[in-house]
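Novice: next one to model:
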Amino acid sequence: MTDLLRVHNVSKRFERLQAVDNVSLIVPAGQIVGLIGPNGSGKSTLFALLSGSQRAESGRIEFDGHDITHRSPDQIFQLGLVRSYQDPALFTRMTVLDNVLLPVKDQLGENPGLAPLHRIWRKQERDIASAAGALLDRVMLRRHYKTLASDLSGGQMKLLQLGRSLNGSARMLLLDEPTAGVAPKLARDIFHLVEALRREQGLTFLIIEHRLDVLFDFVDDVYVMHAGRVVAQGTAADIAANAQVREIYFGD
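Specialist: Residues are numbered from 1 along each chain as shown. All right, here's what the predicted structure looks like:
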């Protein structure tokens with residue numbers, strides 16, 4: 001099995017805070033991997049390093065064999081590594097459909113030289129819109145396609161963010177608490193969708209999640225962070241039985 005993402009001894013400090021401390025992990029292609037740990041353990045900072053919005057001070061990050069340690073977010077996105085956020089970063093004054101259409105790559109109509117030549121890009125635009133409609137079906141938002149993103153419920157915003165991420169030709173998704181603040185049934189529906197996307201499209205996922213009862217039913221492997229470091233790694237069963245993890249979470 002090919003490792004799609006490899007993180008080697010990556011560190012990041014903010015003044016006196018060592019947010020990420022010599023972290024290493026791998027995510028094989030086609031797997032769903034969980035990243036857990038208490039608040040402040042460095043998980044979201046690690047995602048920022050992986051997606052290019054922060055720069056690692058040491059170490060190396062490889063995606064599909066490319067060194068992306070110091071690449072910009074747009075360059076990383078072009079390679080197919082896409083990040084979501086705990087608080088969905090939507091364009092709230094745009095419709096659901098327009099939000100999903102934004103990340104589509106290689107749109108001829110966005111080329112200034114071709115934009116006036118409608119005949120060249122009209123069919124591509126129709127095809128893109130049709131594909132976006134099918135994607136909205138997949139994330140249970142088709143009937144809301146004209147709705148402003150600001151008028152969605154919190155759970156629907158999570159679904160829209162996932163749909164938008166998928167429409168950027170993603171190969172791997174970094175999902176930051178995809179079920180935070182949503183009802184228990186929708187939380188499981190989101191993870192069933194993740195599992196279906198892995199099975200049908202071969203997508204790879206690294207997921208930060210605090211709802212361990214849901215996460216552990218779907219992941220192939222789990223990494224645990226605490227105080228900026230990876231302190232455990234293994235299957236869901238291994239992590240559930242790990243005494244150090246129980247101490248971190250429950251004080252056992």
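
Novice: Val230: what secondary structure?
Specialist: strand (DSSP: H, G, I helix; E, B strand; the rest coil).

Novice: what residues does it make contact with?
Specialist: 23-25, 223-224 (C-beta atoms under 8 Å, 6 or more residues apart in numbering). Using the backbone N, CA and C atoms, a C-beta is placed for each residue, glycine as well.

Novice: neighbour-wise, which of the residues you listed leads?
Specialist: Neighbour counts for the contacts of Val230 (other C-beta atoms under 10 Å) peak at Tyr223, which has 25 neighbours.

Novice: what does whichever strand or helix holds that residue rub up against?
Specialist: Assigned by DSSP states H and E, Tyr223 belongs to strand 221-226. Here strand 221-226 makes contact (C-beta under 8 Å, 6+ apart) with 23, 25, 31, 33-38, 41-43, 46, 215-216, 230-236, 238-239, 242, 245, 248.

Novice: filter the residues you listed to the buried ones?
Specialist: 23, 25, 31, 33-37, 41-43, 46, 215-216, 230-233, 236, 239, 242, 245, 248 (16 or more other C-beta atoms under 10 Å).

Novice: let's see which of these end up in strands.
Specialist: Members of the buried ones among the contacts of strand 221-226 lying in strands (criterion: DSSP state E): 23, 25, 33-36, 230-233.

Novice: turn the residues you listed into TSV, columns for pLDDT and distance to Ser153.
Specialist: As requested, these are exported to TSV (pLDDT from 0 to 100; distance: C-beta to C-beta, whole Å):
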residue	pLDDT	distance to Ser153
Val23	97	35
Leu25	97	33
Val33	98	28
Gly34	97	25
Leu35	97	26
Ile36	95	26
Val230	96	35
Val231	95	36
Ala232	94	35
Gln233	95	35
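
Novice: looking at those residues, which is nearest Val104?
Specialist: Nearest to Val104 among those, counting by C-beta to C-beta, is Val33 at 26.9 Å.

Novice: mind checking how far the closest one is from Gly113?
Specialist: With distances taken as C-beta to C-beta, to the nearest Å, Val33 is found 42 Å from Gly113.

Novice: Glu247 too?
Specialist: From Glu247 over to Gly113 the distance is 61 Å, taken as C-beta to C-beta.

Novice: between those two, which has more neighbouring residues?
Specialist: Glu247 (12 against 8).
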